[in-house]
Each structure stands twice: as structure tokens, then as C-alpha cells.
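Undergrad: below are the sequence and a predicted model; questions follow.
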Amino acid sequence: MKLIIVHNDTEELWDTFKSLFEIIPAAGGLVFNENNECLMIFRRGMWDLPKGKIEKKEKIKQCALREVEEECGITHINLEDEITITYHIYNLKGTSCLKPSHWFLMRVDGSPMLIPQAEEDIDKAKWVTMEKANELLDEAFPSIKEVFKAYGTRV
């Protein structure tokens with residue numbers, strides 16, 4: 001489904017739209033190992049990428065690195081460029097929330113062992129080829145598909 005809205009002041013429209021929600025910014029990463037495999041996680045029945053909420057006084061890039069470290073148990077991550085920002089809406093205890101997620105390209109040396117963070121409902125974390133990642137996107141959130149799409153336009 002697509003929605004097209006025509007307005008003479010896009011910035012005003014965007015500000016009005018955002019005012020309807022509690023804004024909860026987040027950051028995460030599309031991480032590649034030295035074999036050019038990407039890291040994917042399986043959380044709450046869907047394939048996903050590691051990301052999470054930005055903590056108070058935390059910078060966006062710091063958050064992205066911290067979340068990948070916490071959710072997958074890897075360190076020594078090289079953060080590169082921002083890929084895109086995605087937005088999704090959800091309900092949290094009766095409050096409508098808008099989550100802008102900042103996505104960064106990241107790389108690690110080798111192919112480190114992944115440790116899924118069970119406390120965040122992550123059942124699996126694995127390195128997959130881009131071909132396999134494209135297959136898994138059939139079972140991923142639309143925003144994750146947008147991250148891969150944005151990354152693909154950069155190659």
C-alpha cells in the first residue's frame with residue numbers, strides 16, 4: 001500500500017505528522033564480516049538487524065555501535081557511513097510512537113562468533129550471504145527491507 005499526500009509545505013506537513021506521536025529515536029547497523037556476509041538476527045518471529053533506542057545524552061553513532069555489541073556479542077566494530085533513516089509507528093502502552101531508526105554500515109575483521117541477546121528476545125544471530133539475506137527479507141519487517149534497498153543503491 002502506498003499513500004501520496006500533496007502539500008505546499010512538506011516541512012510543515014512533516015512537523016504536523018510528527019506532533020501526533022511520541023518520538024523514540026533509535027540506531028543500528030548493517031554489519032559485514034571479512035567474508036562479506038551480513039549479520040542478521042531473528043527476533044519475535046521476524047528477521048531483523050540489530051538496533052535499539054538511543055539513551056539519554058548518547059550520540060546516534062554511539063548507540064548504533066552499543067546496540068550491535070549488546071544484541072550480538074561482538075566488539076571491535078568499524079562504523080562507516082550512515083545508510084538511511086527508516087520510520088515505523090507502533091503502540092506502546094496506549095501511546096502512539098514514531099521511531100526514526102538511523103542505520104549505519106559497519107564492518108568487523110574476521111567472522112566473530114555471535115551471541116544473541118536473549119533478554120531482547122533475539123533467538124538467533126547469524127552471518128549470511130547477501131543472497132541468503134535477500135531470501136530472509138521475505139520474513140523481515142518492511143523497514144529492514146528499506147535498509148537493504150538503500151544499501152543496494154550505494155554499491
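TA: Thanks, I have the structure now. Numbering: from 1, shown residues only.
Undergrad: what mean pLDDT does stretch 58-68 get?
TA: The pLDDT scores in stretch 58-68 average 97.
Undergrad: go on, stretch 34-45?
TA: Averaging pLDDT along stretch 34-45 yields 96.
Undergrad: gap between the two ends of that stretch?
TA: For stretch 34-45, the first-to-last residue distance is 28 Å (C-alpha to C-alpha, to the nearest Å).
Undergrad: show me what it is in contact with.
TA: Contacts to stretch 34-45, defined as C-beta atoms under 8 Å, 6 or more residues apart in numbering, come from residues 29-33, 47-50, 68, 71-72, 74, 107-111, 114, 116, 120-130, 133, 136. Bear in mind the C-beta positions are built from the backbone N, C-alpha and C, glycine included.
Undergrad: can you pull out the strands in the protein?
TA: Secondary structure of the chain (DSSP state E): strands located at 22-23, 26-32, 38-43, 46-48, 51-53, 77-92, 95-108, 122-128.
Undergrad: let me know which of these is tucked in deepest.
TA: Of all the strands of the chain, strand 26-32 carries the top mean neighbour count, a mean of 25, counting by mean count of other C-beta atoms under 10 Å.
Undergrad: could you find the closest non-adjacent residue to residue 53?
TA: Excluding the flanking residues, the one nearest residue 53 by C-beta to C-beta, 6 or more residues apart in numbering is residue 26, at 5.1 Å.
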